[in-house]
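Colleague: Give me a model of this one.
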Amino acid sequence: MPHHHPPAVAWEQARKNLHAAGLTCTAGTDVETLPPKAAIGRYTADDVYSLMDVPHYDSSAMDGYAVSGTPPWLLVTPEYPDDERVNIHRLTVAIEPGQATPILTGGLLPRGAQAIVREEHTTLNTVGGITTVTMASGHIPPANGTDIRRTGSELPAGRLLVERGTLITARLAAFLGMNGFDEIPVLAPVTARCAFTGNEVITIGVPEAGQVRDAFGGFLEATLATQGCAALPSARLADTGHDFTTFLNTSHAQVLIFTGGSSTSGVDMVRKTLAEAQATYLFESVQVRPGHPALAARLADGRIVLGLPGNPLAAYTALYSYLPPLLAGMRGLPLPPLDTAELAQDIPALTASSQQRLIPALVRECRAHPLPRRASYMLSGLSKATHLLVADASGHTAGERVPLLPVF
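Modeller: Model prediction:
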């Protein structure tokens, strides 16, 4: 395995190589069944279909009165229990033309009701113990069907709700719970472990000259969790062959991630360690800026190693580029497609390179705005970005549609 000037592959080819490697891993398709809240952050293991009509009964969309016929309406009420804990949304009394009955938002529509009239649109008149409901000044009687939520108006029973391989967010979990799901089949998390390298890195305080503050510890693990990974305890390695070899030999995660140490200098130990382990490269470097020295390899036992550059922006652009294709393959899913948007300003051509560029960008109102301060060691642009813009060396003009890689 070469240690100097390793051959570089195109950025998209690197993504395809990792996706193909992921397809050969079977552990990523293991299935668990979890309650909706516990399933947040996981990926669905199967298509999910609605268990019922939504809404599953005819109900009121407003507080007010269910009415039949035209006003004035004679008010009729159910017998309400003294126990305030009773669900009065289910208590109804059938009405006939010329009658009204109180109803709450979400309340079961009583038999005979034709419309809902909002409480603030009505006036009550009581004479001799008989109460009638009339329209308040300036309001007209509601048309049939007004403010009624009909059964199945949102979606019918049996409708596809979620496709296999969908990330379960809190809002999606709430939706599935509301649809009556007590359990959801999800893919088991892919295990990952990070190794943070560099003798110059400090984790506390303001760095002095010749030191840099850690940009990965605790942050990279949280990023992995957003992709459905279980981040095992990370390690911080000294720049010695012993530390790197020990990490490789004692880590049982499916994906091992190094930050730094992936270049070809004498103190960069990842390539040397992979050579000793007789690993097979998926790619050794990539024709992209930043992140050219990123690498990926497969160990003999099937574990995948991602070597991220040590510079912060280069490392994160490599992570966003290569982790999703790998995970998609491990889950038996297609290679994730790129987004596109209209470019808000020109991107000049590179005069001395044929490499693609990954540029932090803010997508706003369907337009991609490239952000400044995007050198490999900078994070200020990425901190505001919603995407990475994939730019060709030949440059782009404003108004052109360009590919975008989501950041997470």
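
Colleague: So what's the predicted local confidence for the most far-flung residue of the chain relative to its centre?
Modeller: Going by Cα atoms, centre = their mean, the residue of the chain most distant from its centre is Gly128, 61.7 Å out. pLDDT recorded at Gly128 is 93.

Colleague: The worst-scoring helix or strand of the chain on mean pLDDT pairs with which strands?
Modeller: Counting by mean pLDDT, DSSP states H and E, the chain has its least confident helix or strand at strand 201-202, which shows a mean of 90. Paired strands of strand 201-202, with direction, are strand 212-213 (parallel) (DSSP bridges).

Colleague: List of residues touching the partner strand?
Modeller: Gly198, Glu200, Val201, Ile202, Thr203, Gly205, Val206, Pro207 (Cβ atoms under 8 Å, 6 or more residues apart in numbering). Quick note: C-beta positions are derived from backbone N, CA and C, even for glycine.

Colleague: List just the nearest of those to Glu284.
Modeller: In terms of Cβ to Cβ, no member of the contacts of strand 212-213 lies closer to Glu284 than Gly198, at 20.7 Å.

Colleague: my guess is the closest one meets Gly310, correct?
Modeller: Yes: using Cβ atoms under 8 Å, Gly198 is in contact with Gly310, at 6.0 Å.

Colleague: shared neighbours of the two, which are they?
Modeller: Residues within reach of Gly198 and of Gly310 at once, by Cβ under 8 Å, 6+ apart, are Thr259, Gly260, Gly261.

Colleague: so which of the residues you listed is the most crowded?
Modeller: Using other Cβ atoms under 10 Å as the neighbour criterion, Thr259 leads the shared contacts of Gly198 and Gly310 with 31 neighbours.

Colleague: Distance from the helix ranked longest in the chain to the middle of the chain?
Modeller: If you go by DSSP state H, the chain has its longest helix at helix 312-330. Chain-centre distance of helix 312-330: 15 Å, with Cα atoms, centre = their mean, to the nearest Å.

Colleague: repeat for stretch 98-105
Modeller: Chain-centre distance of stretch 98-105: 43 Å, with Cα atoms, centre = their mean.

Colleague: residues making contact with that stretch?
Modeller: The contact list for stretch 98-105, computed with Cβ under 8 Å, 6+ apart, reads 60-70, 72-78, 88-89, 92-93, 95, 109-110, 112-113, 116-117, 133.

Colleague: Of those, which qualify as buried by neighbour count?
Modeller: Buried residues within the contacts of stretch 98-105, counting neighbours by 16 or more other Cβ atoms under 10 Å: 60, 62-69, 73, 75, 92, 95, 109-110, 112-113, 116-117, 133.

Colleague: Let's see which of these end up in strands.
Modeller: Counted as lying in strands by DSSP state E, out of those, are Ser60, Gly64, Tyr65, Ala66, Val67, Ser68, Trp73, Leu75, Ile116, Val117, Val133.

Colleague: His252: which of the residues you listed is nearest?
Modeller: Top of the list for closeness to His252, among those and by Cβ to Cβ, is Ser60 at 56.4 Å.

Colleague: Spit out the contact partners of the closest one.
Modeller: Contact analysis of Ser60 by Cβ under 8 Å, 6+ apart lists Ala66, Ile103, Leu104, Thr105, Gly106, Gly107, Leu109, Ile116, Asp147, Ile148, Arg149.

Colleague: separation between the residue farthest from the centre of the chain and Thr134?
Modeller: Gly128 sits 16 Å away from Thr134, going by Cβ to Cβ, to the nearest Å.

Colleague: So for the residue lying closest to Arg118 once chain neighbours are set aside, what's the pLDDT?
Modeller: Excluding the flanking residues, the one nearest Arg118 by Cβ to Cβ, 6 or more residues apart in numbering is Gly64, at 4.4 Å. pLDDT for Gly64: 97.

Colleague: Just list the residues touching Gly64, thanks.
Modeller: Counting by Cβ under 8 Å, 6+ apart, Gly64 makes contact with Pro102, Ile103, Ile116, Val117, Arg118, Glu119, Glu120, His121, Thr122, Asp147.
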